[in-house]
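Colleague: sequence and predicted structure below; questions after.
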Amino acid sequence: MNSAEHKNLLTKAFNIKNRFLAMYKQANAGHVGCSLSVAEMITFVRFGWMKETDEIILSKGHAAAALYSMLAEDGTLTEEDIKTFYRNNTYLAAHPPVNKIKRIPFATGSLGHGLSLAAGLGLAQKLKKKDKKIFCITSDGEINEGSTWEAALFIAHHDLNNVIWLIDRNKLQGYGRTEDVMKLEPLGKKLEAFGFNVLVADGHDFTSLENSKLETRNSKLPTAILCNTTKGNGWKTYEDKVDCHYLPMKDDQYNLILEEVKYDYERRISQIA
Amino acid sequence: MRVEFAQAMINAFDKNENLVFITGDLGYMALEKVQEKFGEKFINAGVAEQNMITVAAALAHEGFIPWTYSISPFVTLRPYEQIRNDVCMHNLPVKIVGNGGGYGYGIMGATHHNIEDIGAMRILPNMRVYVPFTASDVEQAVGQMIADKSPNYLRLNMGAKINYPVAPFAQWRKIKDGTKGVVVGTGPVTENILNTNLADDLEVWVLSVFPITQLPNELISSINATQKLITIEEHNGECGLRETLSYLLMNHLTSNIKILSLVASGYPSGKYGDQKFHQAENNLGGDGLMKELNAFLG
């Protein structure tokens, strides 16, 4: 990744965040923190990693606004589409819709389905002898779901190294911290024991995500990337708090987040030679 | 029917290599030849039915016709949400095969029985349920399911053994005439009436595909003529044959009762909105409801 590519990713993420923040604000909707948590990951997969024929499954469907905003950034959705978010008579509900939008192959929202979807899509490519990658972004909370572990066993057993599993490891779930609700740690060791090539990345940092991408190249094992993130990243009032999962932004908070997102963007851009 | 089913799969694979067979770790002494035939397209997904169904949905999305197999409750009720969300909502041609629907697993006990499968499956969007009557129905049912682009559930059991000729597999079949009453049955349990000495006087029908949207005129005439209807199913009546027949039948009884049924039918436009939006789309509120009520009340 050269400087220009890095700057491009930062700009895409900046646009994507600004767009979904505006969407949440006009809808007065929650799940803001969930999208802020995953914004750089989804940006990197789409604009820094995947080929046009590859697939993304957003298993944590509650971050749909980040997905829709990314799809507006790549031209799949129009800004007019985006305006319909959360309104009556829209395809852009709070969770991704059924069979309506290119690049959303499956409706998600019920947790623990996405990794199995990725497994099936990955298996299909192997059967068809197609070189196509499946990127699956899950939350960490949904690793509570038994079906996630069923899928993990299946992916490892069938050597589905065309599946790249990115875990949004923000350590918060619906009603508490992941380690208080049902502890996941040592998560990396668990996934290694299941047969995954386990990588750890800073999920908000493109250089770190790029390093993970490079490390997957020669792996014969399926890859799981523990992307360490902060839920509500940039929403200082509720950053790393459960609140940012549910609460809509008040006017002053919205303005502060926009300022923070801009400051963070300019700071990162300035650090690139 | 398991033997006939395995043979039907082997025969079908000769004509369509897009078939994939996925078992939930069952099939000992039944699926070995299917495995041999399907090669890499035979997958044992292990004892992990939720993943199995969703993997099948993704395979169907990629153009395959996946068949998932287990004992009936394990392949229907355990992964129910996966069937609803990933298969049925997306209208993907995943074929779910439940061995031993009803009390088919007998002494194995309640956990292995399934007297809710037809009801649980038939109410899901886009799903069609196939219930063979005789063993020789199975290959025809499999053929129809492959041609059917929607999700399907196949309920396997011990085939009926009767001395009456049976027409080729179809949703409705009249097995025999009779004047003292009408029997509508689903599945092999119908043979229990056919094999009694009362059968001579009964007109007997077998229903083999759910859901049903209309009744054969001949059946309605017979019910109104005899005024006696017997339904038989190895299934909970609250959500099975009795329930699904009742609404259609009520509109045809001689008592002239008419029925208006207002229900949530799903997502007619495929779009989303608030609760009132969805109520209105389904004629459960707003102008649609008024229109329905005015038309009905005259």
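Modeller: It's in.
Colleague: please enumerate the helices of chain A.
Modeller: With helices called from DSSP state H, chain A shows them at A:3-27, A:32-44, A:64-73, A:79-83, A:114-128, A:146-157, A:178-181, A:187-194, A:206-216, A:243-246, A:251-271.
Colleague: residues in contact with the third one?
Modeller: If you take Cβ atoms under 8 Å, 6 or more residues apart in numbering or on different chains as the criterion, helix A:64-73 is touched by A:12, A:15-17, A:19-20, A:23-24, A:29, A:31, A:34-35, A:38-39, A:42-43, A:46-47, A:56, A:58, A:77-79, A:81-82, A:85, A:92-96, A:101, A:103-104, A:109. Where you see a C-beta, it was placed from the backbone N, CA and C, and this is true even at glycine.
Colleague: mean neighbour count, the helices of chain A: which tops it?
Modeller: Highest mean neighbour count of those: helix A:32-44, a mean of 28 (counted as mean count of other Cβ atoms under 10 Å in any protein chain shown).
Colleague: was I right about residue A:205 contacting residue A:44?
Modeller: No: contact criterion Cβ atoms under 8 Å: residue A:205 and residue A:44 do not qualify, at 9.4 Å.
Colleague: can you tell me the residue of chain A closest to chain B?
Modeller: Nearest residue of chain A to chain B, counting by Cβ to the nearest Cβ: residue A:120, 2.4 Å away.
Colleague: what's the helix or strand for the closest residue to that residue other than its chain neighbours?
Modeller: Nearest non-adjacent residue to residue A:120, counting by Cβ to Cβ, 6 or more residues apart in numbering or on different chains: residue B:58, 2.4 Å away. Element membership for residue B:58, per DSSP states H and E: helix B:49-61.
Colleague: just checking, what packs against that helix?
Modeller: helix A:114-128, helix A:146-157, strand B:19-23, strand B:65-71, helix B:72-76, helix B:80-82 (3 or more Cβ pairs under 8 Å, 6 or more residues apart in numbering or on different chains; DSSP states H and E).
Colleague: the same query, at a cut-off of 7 Å, please.
Modeller: helix A:114-128, helix A:146-157, strand B:19-23, strand B:65-71, helix B:80-82 (3 or more Cβ pairs under 7 Å, 6 or more residues apart in numbering or on different chains; DSSP states H and E).
Colleague: relative to residue B:41, which of the ones you listed is closest?
Modeller: Among those, the nearest to residue B:41 by Cβ to Cβ is strand B:19-23 (4.6 Å).
Colleague: isn't residue A:200 up against residue A:226?
Modeller: Yes: counting by Cβ atoms under 7 Å, residue A:200 touches residue A:226, with 4.8 Å between them.
Colleague: so what sits against both of these two?
Modeller: residue A:188 (Cβ atoms under 7 Å, 6 or more residues apart in numbering or on different chains).
Colleague: more neighbours: these two, which one.
Modeller: residue A:226 (21 against 17; other Cβ atoms under 10 Å in any protein chain shown).
Colleague: these two touch, right, the more buried one and residue A:169?
Modeller: Yes: look at residue A:226 against residue A:169 with Cβ under 7 Å: they come within range, at 5.0 Å.
Colleague: residue B:174 in helix, strand or coil?
Modeller: Here residue B:174 is recorded as strand under DSSP: H, G, I helix; E, B strand; the rest coil.
Colleague: equivalent analysis for the one 10 residues further on, please.
Modeller: Under three-state DSSP, the three-state class of residue B:184 is strand.
Colleague: so how far is chain A from it?
Modeller: Applying Cβ to the nearest Cβ, to the nearest Å, the value for residue B:184 to chain A is 35 Å.
Colleague: burial count for that residue?
Modeller: If we define neighbours as other Cβ under 10 Å, then residue B:184 has 23 of them.
Colleague: which pLDDT value belongs to the residue in the stretch 1-150 of chain B that chain A sits nearest to?
Modeller: Residue of the stretch 1-150 of chain B nearest chain A, by Cβ to the nearest Cβ: residue B:58 (2.4 Å). With respect to pLDDT, residue B:58 scores 98.
Colleague: is it true that residue B:178 lies in a strand?
Modeller: No: inclusion of residue B:178 in a strand is not indicated when three-state DSSP is applied; the result is coil.
Colleague: check contacts around residue 191.
Modeller: Let's take chain A. A:152, A:198, A:224.
Colleague: not quite, go with chain B.
Modeller: Contact analysis of residue B:191 by Cβ under 7 Å, 6+ apart lists B:160, B:161, B:162.
Colleague: residue B:49 now?
Modeller: Going by Cβ under 7 Å, 6+ apart, the list of residues near residue B:49 reads B:24, B:70, B:74, B:75, B:78, B:79.
Colleague: one more time with 6 Å
Modeller: Residues in contact with residue B:49 (Cβ atoms under 6 Å, 6 or more residues apart in numbering or on different chains) are B:24, B:74, B:75, B:78, B:79.
Colleague: now swap in residue A:273 and tell me
Modeller: Contacts of residue A:273 (Cβ under 6 Å, 6+ apart): residue A:3.
Colleague: just the closest residue of the stretch 151-298 of chain B to chain A, please.
Modeller: residue B:273 (3.4 Å).
Colleague: could you pull up phi and psi at the residue nearest to that residue when sequence neighbours are not counted?
Modeller: Excluding its sequence neighbours, the residue lying closest to residue B:273 (Cβ to Cβ, 6+ apart) is residue A:88, at 3.4 Å. When read as degrees, to the nearest 10, the backbone of residue A:88 gives phi -60, psi 150.
Colleague: wait, doesn't residue A:88 sit right on residue B:277?
Modeller: Yes: with contact defined as Cβ atoms under 6 Å, residue A:88 reaches residue B:277; the gap is 4.6 Å.
Colleague: give me the more crowded residue out of those two.
Modeller: Per other Cβ under 10 Å, whichever of residue A:88 and residue B:277 has more neighbours is residue B:277, with 18 against 14.
Colleague: who touches the helix or strand hosting the more buried one?
Modeller: When elements are assigned from DSSP H and E, residue B:277 belongs to helix B:275-281. Contact with helix B:275-281 is made by A:88, B:268, B:285, B:286, B:288, as judged by Cβ under 6 Å, 6+ apart.
Colleague: let's go with 10 Å and repeat that
Modeller: A:87-90, B:264-269, B:271-274, B:284-289 (Cβ atoms under 10 Å, 6 or more residues apart in numbering or on different chains).
Colleague: would you write a PyMOL line that selects the buried entries of those?
Modeller: To isolate the buried members of these in PyMOL, using 16 or more other Cβ atoms under 10 Å in any protein chain shown:
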select buried, (chain A and resi 87+90) or (chain B and resi 271+272+273+284+285+288)
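Colleague: next step: the contacts of helix B:275-281 restricted to helices.
Modeller: Per DSSP H, the subset of the contacts of helix B:275-281 in helices is B:286, B:287, B:288, B:289.
Colleague: backbone torsions only: list them for the closest residue to the last one other than its chain neighbours.
Modeller: It stands for residue B:289. Once flanking residues are discounted, residue B:289 sits nearest to residue B:283: 5.5 Å by Cβ to Cβ, 6+ apart. Here is the backbone geometry of residue B:283 (degrees, to the nearest 10): phi 60, psi 30.
Colleague: residue contacts, residue B:283?
Modeller: Counting by Cβ under 10 Å, 6+ apart, residue B:283 makes contact with B:262, B:263, B:264, B:265, B:268, B:289, B:290, B:291, B:292, B:293.
Colleague: next up, identify which helix or strand the last one is on.
Modeller: Under DSSP H and E, the secondary-structure element containing residue B:293 is helix B:286-297.
Colleague: who touches that helix?
Modeller: Looking at what lies outside helix B:286-297 - Cβ under 10 Å, 6+ apart - the contacts are B:258-262, B:268, B:276-277, B:279-284.
Colleague: domain-wise, how is chain B divided?
Modeller: As given by automatic domain parsing, the domain ranges for chain B are B:2-156, B:172-250, B:260-298.
Colleague: looking at those, which is buried most?
Modeller: With neighbours defined as mean count of other Cβ under 10 Å, the domains of chain B peak in mean count at domain B:2-156, which reaches a mean of 21.
Colleague: what's the most distant pair in the ones in helices among the contacts of helix B:275-281?
Modeller: It's B:287 and B:289 that sit farthest apart of these, by Cβ to Cβ, at 7.3 Å.
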